[in-house]
Structures are given as C-alpha cells and as structure tokens.
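Q: A structural model of the following input is requested.
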Amino acid sequence: MEKIASFTIDHLKLKRGIYVSRKDKVGENVLTSFDIRMKEPYREPVLGSAETHTIEHLAATYLRNSDWKDKVIYWGPMGCMTGNYLILSGDYTSKDIVPLMTDLFEFIADFEGDIPGASAMECGNYFNNNLLLAKYEAREYLKVLHNITEENLVYPE
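A: All right, here's what the predicted structure looks like:
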C-alpha cells in the first residue's frame, strides 16, 4: 500500500503557515488543496473543538461571499486539530492565497455579533462554538500571515 503524501511531511519541523498539500486533476480542472497550518505540531497546544467550529462557520461565510467564492470547494478542520484544509478550483501556489487568508483571518479576529449558522436549525452542534477563542486564534495566526516567509509557505524537507 502506498504512503499518503501528507504523511511524508516531517511534522516535527513544520511551522505555522500556508502549504500546498496536493494538486488533483478532475477532468480538465486542477483542484489545489492547502494546509492552513495554525499550530506547530508537538510544540504548541492544538486548537480546541469549539474555536475550530467557530472558525469553520466564519471561514465558510467569508469565503463563500468573497471574490474567490466560485473557486471555493471546501474549508474544514484537520483531524489533528493543528489547522484547516482549503480546497480551491484552480492551480495555485501558497503565495497566491496569502492575501485571501490574511483577509479571512482579519475578518475572524474582528468579527462581532452572532456566529453565522449557529442555531439548532442550521447546525448539528451549535452549542460547540467559542467566538472569543476563535478571535484569539485568528489574531495569533495573523502574526504569521503578516510576516510570512518561505519557511511558512514550503513544506520542510
């Protein structure tokens, strides 16, 4: 059985950042999957369920109302709770989406009001949200996005 490419990344060296996880051809289209890494594995506490859920609701709302809305295929949390995946229709590099991710996380960091889609009718577990922690995690990730370097854009060897 072949090893999954993402399992070959040395997570002990991985920094917070934006990485191209994979590119897949679907017919004539390329889908680019991004690793939106918000935590350094084994060096920082992982994201909690409630703030990750809130980030997901706010990211889905922002992305599907942005100039990129026709390219957004998916946004969702990693099982290891160190970040999220973003899948876009198109052939992109990590650098291509730095402005989009910066705008997204500024939106989350500054968000006030009711969390979109956070009611019993709209969500399977709307109790599991934490806007305060989501905003905190967004501000922490913005520290990386505002000072991004190659080591935050290319997987370590």
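Q: From here on, just use CA atoms for contacts and neighbour counts.
A: OK.
Q: if I pick residue 84, what's in contact with it?
A: Contact analysis of residue 84 by C-alpha atoms under 8 Å, 6 or more residues apart in numbering lists 35-38, 75-78.
Q: Tell me which helix or strand residue 104 sits in.
A: helix 98-110 (DSSP states H and E).
Q: Could you tell me how many residues sit around residue 88?
A: Look at residue 88: counted by other C-alpha atoms under 10 Å, it has 22 neighbours.
Q: Which helix or strand contains it?
A: strand 83-89.
Q: what's the average pLDDT for stretch 47-63?
A: For stretch 47-63, mean pLDDT is 98.
Q: Now tell me what touches that stretch from outside.
A: Looking at what lies outside stretch 47-63 - C-alpha under 8 Å, 6+ apart - the contacts are 39, 69, 72, 75-77, 81-83, 104, 107-108, 115-118, 128-134, 137.
Q: which one among the contacts of residue 84 gets closest to residue 88?
A: For the contacts of residue 84, the residue nearest residue 88 by C-alpha to C-alpha is residue 75; the value is 9.1 Å.
Q: In the sheet, which strands lie alongside the helix or strand containing the closest one, parallel or antiparallel?
A: Using DSSP H and E, residue 75 falls within strand 72-77. Here strand 72-77 is paired, per DSSP bridges, with strand 83-89 (antiparallel).
Q: re earlier: narrow the contacts of residue 84 to those that are buried.
A: 35-38, 75-77 (16 or more other C-alpha atoms under 10 Å).
Q: Farthest-apart pair in those residues, please.
A: Within those, 38 and 75 form the most distant pair, 13.9 Å apart (C-alpha to C-alpha).
Q: Are we agreed that residue 42 is in a strand?
A: No. Applying DSSP: H, G, I helix; E, B strand; the rest coil, one finds residue 42 to be coil, outside a strand.
Q: Please report how far it lies from residue 8.
A: Computed as C-alpha to C-alpha, to the nearest Å, the residue 42 to residue 8 distance reads 16 Å.
Q: Show me which of those two is the more surrounded one.
A: Taking other C-alpha under 10 Å, residue 42 and residue 8 do not tie; residue 42 has more neighbours (12 against 9).
Q: leaving aside the residues next to it on the chain, what's closest to that one?
A: Once flanking residues are discounted, residue 42 sits nearest to residue 12: 7.0 Å by C-alpha to C-alpha, 6 or more residues apart in numbering.
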